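Colleague: Structure for the following, please:
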Amino acid sequence: MDILVLGGTKFVGRHIVRTALDQKHQVTLFNRGQTNPDLFPEVEKLVGDRDGDLAPLRGRTWDAVIDTCGYVPRIVRNSARVLSNQTDLYVFISTISVFASFEKEGLSEDDLVGSLADETVEEITSDTYGPLKALCEAATQDEIPGKSLIIRPGLIVGPHDPTDRFTYWIRRCAQGGDILAPAPPDQNMQFIDARDLTSWTLDMIEAGLTGIFNTTGPENPHTLGKLLQTCCEFNEEGARLIWVDGATLLDAGIDPWSQVPMWLPGPENVGLMAIDCTRAINAGLRFRPLGTTIRDTLNWDRARDPSVPMKAGLEPSREAELLELHRKQAQ
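Modeller: Here you go, the predicted model:
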């Protein structure tokens, strides 16, 4: 198949391109040529800007278009409009963050999405990110009715993850010693390896399927305890998880999700790691073993420049302070 990828050189996009090339698809990239421009020298690269310079896209046709980098509805609408008559299928990579509320478990594709009082807002913040993505979905469906595939991943993990949320735990457990973990260990964990997401996306394109699909996993959610214990299996010198009560962490001013990645306490977040992905699983979504994702991410992380600080997680000195506080409280 002949596939156009909007973006294609960062995390999910680069995995999509790599997988498509491995499957012998023909790939064209459209981006500004600023992020990892030396990647994929074997593919055709169209240089332009989605916010104004779409001329390189005109007059061409592709079997499918994959939009990996749409965040602002106006820009997504413009791209979809230009390409509406130039492709048989337009794939928009969205997010489960589109949902209006996470106060219940089992959110499905039919649940209510978030909205903005002012739909002209384009600043991306923690409050606007989800509603903006929901508006991007709507723009895609408006411009390409009946020919759109909307994919809503949860937390995406694996090699080349720029957020370091998942990688923090893998690196920290590999370092060993006493490791601060947010209690309780039985809390749900859902995420998807970028390679599983991209393989399934290409399968859906080949099948010509459309609609909206939640895509996180696995089929039966992990627990945080299982995730961290599996991470610790890759430590050769010994590691011990110290489970610290969430209230203690909050009282100490710790920011969930950023300082303690993948942890979002409170009833307002109960559904975030309990999304219903039945529709995608029935359409063939599969998940590689947890240990494989951890091993591959660890190997990738070890090849990175160790002097570059992580974008998420606790500083060692802060972790030590919190562990000491926990010990004193336990006496």
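Colleague: use CA for all of it now, contacts and neighbours both
Modeller: OK.
Colleague: model confidence over stretch 295-303, on average?
Modeller: The average pLDDT within stretch 295-303 is 97.
Colleague: what comes up buried for it?
Modeller: 295, 297-298, 301 (16 or more other CA atoms under 10 Å).
Colleague: so which two of these are the farthest from each other?
Modeller: Spanning the widest gap among the buried residues of stretch 295-303 are 295 and 301, at 9.8 Å by CA to CA.
Colleague: hang on, the earlier thing: any chance of the buried residues of stretch 295-303 in CSV, with secondary structure and distance to residue 149 too?
Modeller: CSV is the format used below for those (DSSP: H, G, I helix; E, B strand; the rest coil; distance: CA to CA, whole Å):
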residue, secondary structure, distance to residue 149
295, helix, 31
297, helix, 28
298, helix, 32
301, helix, 32
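Colleague: For residue 3, list the residues it contacts.
Modeller: 25-28, 62-66 (CA atoms under 8 Å, 6 or more residues apart in numbering).
Colleague: Of the residues you listed, which is the most crowded?
Modeller: Among these, the one with the most neighbours (other CA atoms under 10 Å) is residue 65, at 28 neighbours.
Colleague: Could I get the contacting residues of that one?
Modeller: Here residue 65 is in contact with 3-6, 87, 89-91 (CA under 8 Å, 6+ apart).
Colleague: Please apply the same query to residue 281.
Modeller: Residue 281 neighbours (CA under 8 Å, 6+ apart): residue 219.
Colleague: Show the average pLDDT along whichever strand or helix holds it.
Modeller: In the assignment (DSSP states H and E), residue 281 maps to helix 278-282. Averaging pLDDT along helix 278-282 yields 98.
Colleague: How about that helix, which residues are buried there?
Modeller: 278, 280-281.
Colleague: Over to stretch 219-229?
Modeller: For stretch 219-229, by 16+ other CA under 10 Å, it's 221-229.
Colleague: Can you tell me which one of the residues you listed sits lowest on pLDDT?
Modeller: residue 221 (85).
Colleague: quick one: it from residue 320, how far?
Modeller: 30 Å (CA to CA, to the nearest Å).
Colleague: Which of the buried residues of stretch 219-229 fall in helices?
Modeller: Filtering the buried residues of stretch 219-229 for membership in helices, criterion DSSP state H, returns 224-229.
Colleague: which pair in these spans the largest distance?
Modeller: Maximum distance among these (CA to CA): 8.4 Å, for 224 and 229.
Colleague: Kindly format the C-alpha coordinates of the host helix or strand of residue 27 as CSV.
Modeller: Per DSSP H and E, residue 27 falls inside strand 26-31. In CSV, the C-alpha atoms belonging to strand 26-31 read as follows (Å, rounded to 0.1, in the frame of the first residue of the first chain):
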residue,chain,number,x,y,z
GLN,A,26,5.5,2.4,0.3
VAL,A,27,5.8,5.4,2.6
THR,A,28,5.8,9.2,2.1
LEU,A,29,6.5,11.6,4.9
PHE,A,30,5.1,15.1,5.3
ASN,A,31,6.6,17.3,8.0
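Colleague: So what's the gap between it and the chain middle?
Modeller: 21 Å (CA atoms, centre = their mean, to the nearest Å).
Colleague: What average pLDDT does whatever helix or strand comes next after it get?
Modeller: Per DSSP H and E, strand 26-31 leads on to strand 44-47 as the next helix or strand towards the C-terminus. In this model, strand 44-47 has a mean pLDDT of 98.
Colleague: Give the pairing partners of strand 44-47; include direction for each.
Modeller: Strand pairing for strand 44-47, using DSSP bridges, gives strand 26-31 (parallel).
Colleague: Give me the below-cutoff pLDDT ranges for the stretch 151-300 of the chain.
Modeller: Along the stretch 151-300 of the chain, no part satisfies pLDDT under 70.
Colleague: Now do the strands in it.
Modeller: Using DSSP state E, counting those that start in this stretch, the strands of the stretch 151-300 of the chain run over 156-157, 177-182, 188-189, 192-193, 211-215, 222-223, 239-244.
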